[in-house]
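Chemist: only the shape, not the letters, is given here:
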């Protein structure tokens, strides 16, 4: 079956596809298909070499190797299937390689947790390198340490062919961070004036082929209406700045009572604990059938100004009473209880007294954890019951 690239690659990417420049940066918003286009380009680059029975290498890199299988590896697999050549390749998931059965042409997938370790990777005949999610790297120096390792391994004895390359193509893809002073934003601004770099910015609005489905476009419109700034960053890829407030309080929707046209599926509890100085807060949340999150009730204890402060066993008792009260009120058992990962005493005390484990919050980079909440708020899905308890200062853990 003949596959036309024009049916898979949006016209916006034509210049990126044909550029002779060795360094290519593809940035932009979510749903722009920049990563999909790069994966198609990488597969297409191997065609001329395979036809001449030559073995070449494509190297795909992410900062964290944990994410390789669900990103780069899946993208290349998707591209091979789209182009109807997947049957020609062997998929070695445990080795994180995809190998052409006849020629040995190979897609290698590496994590760059330690960039210096990549310096010893000799794969030979490298025609392209793809850095996916470049924002995960700490700085530009980490890229500079990796470039020479693969650039010097370019094919040197390949048969002449106009569709082959006399240099290694280096692809970069990422969604711009909000902070204009983030290293990647400043780095790309510097590269705009270098002849060896081609920089492309794409958004979902460049999808002339109609690849984004109606449900996705409907969701994007929801973001646009609820939080224009977040929409500009997430889907238009604009560097909007950090602003003065982490969360937009207009997106915390007040409820006088629970809605009649929606019902609670599950109850979640989160605790941000403190003993000697900080307050201890436990919040009860409902996940509803419509996918909304509602803050139902809040427990709050502050040791400030108290001579006799509550010990872990006192707090454990308070939390248990609070949880049981919520379970009875809303006729649901606690589905999941999450606590600050730095807290050990209260977590252990609660298990000793009541036999229930609190799940430690899976902390990631601060900017990512903030984005989880901003994403929820921007969809207009967060509500709170307007009660005295919920007007207390709260430490919210998602």
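Modeler: Structure's in. What do you need? If you're wondering where the values come from, they're calculated on a predicted model, not measured in any experiment.

Chemist: and the gap between residue 263 and residue 187?
Modeler: 49 Å (Cβ to Cβ, to the nearest Å). Bear in mind the C-beta positions are built from the backbone N, C-alpha and C, glycine included.

Chemist: correction: the previous question concerned residue 284.
Modeler: Residue 284 is 44 Å from residue 187, by Cβ to Cβ.

Chemist: what about residue 263 and residue 187, which has more around it?
Modeler: residue 187 (16 against 13; other Cβ atoms under 10 Å).

Chemist: ramachandran coordinates for that one?
Modeler: phi -60, psi -50 (degrees, to the nearest 10).

Chemist: grab the nearest non-local neighbour of it.
Modeler: residue 140 (4.8 Å; Cβ to Cβ, 6 or more residues apart in numbering).

Chemist: pLDDT score for that neighbour?
Modeler: pLDDT recorded at residue 140 is 94.

Chemist: so it sits against residue 185, correct?
Modeler: No. Applying Cβ atoms under 8 Å as the test, residue 140 and residue 185 come out as separate, 11.4 Å apart.

Chemist: any idea which helix or strand comes after the worst-scoring helix or strand of the chain on mean pLDDT?
Modeler: Every helix and strand of the chain was ranked by mean pLDDT, DSSP states H and E. The lowest is helix 366-378, at a mean of 81. Going down the chain from helix 366-378, the next helix or strand is strand 382-385, by DSSP states H and E.

Chemist: and that following strand, what's buried?
Modeler: 382-385 (16 or more other Cβ atoms under 10 Å).

Chemist: got it, and stretch 106-117?
Modeler: By neighbour count with 16+ other Cβ under 10 Å, stretch 106-117 contains the buried residues 106-112, 115.

Chemist: again with stretch 197-207
Modeler: So, applying 16+ other Cβ under 10 Å, buried residues of stretch 197-207: 197-204, 206-207.

Chemist: make a markdown table out of those residues and add secondary structure, distance to residue 84 and pLDDT.
Modeler: Putting those into a markdown table (DSSP: H, G, I helix; E, B strand; the rest coil; distance: Cβ to Cβ, whole Å; pLDDT from 0 to 100) gives the following:
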| residue | secondary structure | distance to residue 84 | pLDDT |
| --- | --- | --- | --- |
| 197 | strand | 33 | 97 |
| 198 | strand | 28 | 97 |
| 199 | strand | 31 | 97 |
| 200 | strand | 26 | 97 |
| 201 | strand | 31 | 97 |
| 202 | strand | 25 | 97 |
| 203 | coil | 29 | 96 |
| 204 | helix | 26 | 95 |
| 206 | helix | 25 | 95 |
| 207 | coil | 22 | 94 |
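
Chemist: export these to TSV and append columns for distance to residue 390.
Modeler: Putting the buried residues of stretch 197-207 into TSV (distance: Cβ to Cβ, whole Å) gives the following:
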residue	distance to residue 390
197	51
198	52
199	47
200	46
201	42
202	42
203	38
204	36
206	43
207	41
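
Chemist: what about the helices in the stretch 101-250 of the chain?
Modeler: Remark: helices assigned in the stretch 101-250 of the chain by DSSP state H, counting those that start in this stretch are 140-151, 183-191, 214-226, 228-234.

Chemist: residues near residue 143, how many?
Modeler: Neighbourhood size, residue 143 [other Cβ under 10 Å]: 19.

Chemist: so what's it scoring on pLDDT?
Modeler: 94.

Chemist: tell me where the stretch 51-200 of the chain has strands.
Modeler: Ranges of strands in the stretch 51-200 of the chain, per DSSP state E, counting those that start in this stretch, are 57-62, 89-92, 97-100, 106-111, 126-132, 169-174, 197-202.

Chemist: mind putting the ones you listed into a markdown table with distance to residue 314?
Modeler: Below are the strands of the stretch 51-200 of the chain laid out as a markdown table (distance: least, Cβ to Cβ, whole Å):
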| stretch | distance to residue 314 |
| --- | --- |
| strand 57-62 | 46 |
| strand 89-92 | 56 |
| strand 97-100 | 57 |
| strand 106-111 | 46 |
| strand 126-132 | 49 |
| strand 169-174 | 48 |
| strand 197-202 | 56 |
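
Chemist: pLDDT check: weakest of the buried residues of stretch 106-117?
Modeler: residue 115 (71).

Chemist: ok, it touching residue 144?
Modeler: No. Judged on Cβ under 8 Å, residue 115 makes no contact with residue 144 at a distance of 9.0 Å.

Chemist: hmm, back to that, how about the least confident helix or strand of the chain: buried residues?
Modeler: Quick answer for helix 366-378 (16+ other Cβ under 10 Å): 371, 373-374, 376-378.

Chemist: how about stretch 134-144?
Modeler: Under 16+ other Cβ under 10 Å, the buried positions of stretch 134-144 are 134-137, 140, 142-143.

Chemist: now do stretch 350-365
Modeler: Applying 16+ other Cβ under 10 Å to stretch 350-365 flags 350, 358, 361 as buried.

Chemist: can you report how many residues neighbour residue 228?
Modeler: Residue 228 has 13 neighbours, counted by other Cβ under 10 Å.

Chemist: so which residues of the stretch 251-398 of the chain form helices?
Modeler: For the stretch 251-398 of the chain, applying DSSP H, counting those that start in this stretch gives helices covering 312-330, 345-354, 366-378.

Chemist: so for residue 9, which of these sits nearest?
Modeler: helix 366-378 (28.6 Å; Cβ to Cβ).

Chemist: I figured residue 12 hits residue 204, correct?
Modeler: No. The criterion here is Cβ under 8 Å, and residue 12 misses it with residue 204 at 10.8 Å.

Chemist: any idea how far residue 78 is from residue 88?
Modeler: Per Cβ to Cβ, residue 88 is found 15 Å from residue 78.

Chemist: please name the nearest non-neighbouring residue to residue 266.
Modeler: Spatial nearest neighbour of residue 266, chain neighbours left out: residue 335 (3.9 Å); criterion: Cβ to Cβ, 6+ apart.

Chemist: for burial, what's the neighbour tally of the one you found?
Modeler: The local packing of residue 335 (other Cβ under 10 Å) involves 13 other residues.

Chemist: for the one 3 residues further on, same thing?
Modeler: Residue 338 is surrounded by 19 other residues when neighbours are defined as other Cβ under 10 Å.
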